[in-house]
Every structure is written in C-alpha cells, then in structure tokens.
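Participant: my questions concern the predicted model and sequence given below.
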Amino acid sequence: MGKVAIYRSAFDDKPSDIVQAEGRLLDWLVDNVNGFDPLSRWQPFSVLINGVLVDQRYWPVTRIKSDDVVEWRAMPQDPVSWAVSTWILIA
C-alpha cells in the first residue's frame, strides 16, 4: 500500500497524519475527504504523488501504487494565496 501524508496547509513541513491507501486516487478522495465534490472544477486542496503535482483532470485515472508517497495539502481559500501556494508546490 502507498502512504498518504495529510497536511493541514500547503506550507506545513510535517504531515498531521499518515495513512495507507491503494487503488484509484479519485476513489480515495471520495471515501476520505469530507465534503469532497468530484464534479467541482476547483478543489480546496492539491495532491502530489512522489513529489509531482497531479492535475485534477487525471485524478479519476491515477492509481496509488504500493511504493507511492501521496501528499494531500489543504490550500488557502482566497484565489491569490491559492495561486502562490500552487506555484511554490510546483517549484
């Protein structure tokens, strides 16, 4: 099983929780993120797998493999902070 590290903020150094996961990323999000709406065009969090930001369009086809490290990071709610946080994560 892969590991999912849950960060309360995009800027946290250490995860608040680490859980095991496997299967499709979208299925994990639906089952584990309260209030998650898979049809929403904007999500208040970002997902990285092995340090690579996963575009929301690919969540339905992305699989969590046994050696993957998934980072689930809550993003700021205002658009400017969200954009800055996203670019910092990409860098």
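Facilitator: Yes, it's here. Numbers count the residues shown, from 1 in each chain.
Participant: tell me where the model's unsure across this protein.
Facilitator: The chain contains residues with pLDDT under 70 at 76-91.
Participant: just give the closest residue to Val19, not the sequence neighbours.
Facilitator: Spatially, and ignoring its direct neighbours in sequence, Val19 is nearest to Val4 (5.1 Å; Cβ to Cβ, 6 or more residues apart in numbering). All C-beta atoms are positioned from the backbone trio N, CA, C, and that covers glycine.
Participant: count of neighbours near the one you found?
Facilitator: By other Cβ atoms under 10 Å, 23 other residues sit near Val4.
Participant: pretty sure it sits against Glu22.
Facilitator: No - Val4 is beyond contact range of Glu22, at 10.0 Å (criterion: Cβ atoms under 8 Å).
Participant: what touches both of those two?
Facilitator: Residues touching both Val4 and Glu22 by Cβ atoms under 8 Å, 6 or more residues apart in numbering: Ile64.
Participant: for the residue nearest to Val19, list the residues it contacts.
Facilitator: Counting by Cβ under 8 Å, 6+ apart, Val4 has contacts 18-21, 28, 32, 64, 70-72.
Participant: can you give me phi and psi for Asp27?
Facilitator: Phi and psi for Asp27, reported as degrees, to the nearest 10, are phi -60, psi -40.
Participant: show the subsequent helix or strand relative to the one helix or strand Ile18 maps to.
Facilitator: In the assignment (DSSP states H and E), Ile18 maps to strand 17-21. Following strand 17-21 in sequence order, the next helix or strand is strand 23-24 (DSSP H and E).
Participant: if we can go back for a sec, show me what counts as buried in the strand holding Ile18.
Facilitator: Neighbour-count burial for strand 17-21, counted by 16 or more other Cβ atoms under 10 Å, picks out Ala21.
Participant: what pairs with it, and is each one parallel or antiparallel?
Facilitator: Strand 17-21 pairs in its sheet with strand 2-7 (antiparallel), by DSSP bridges.
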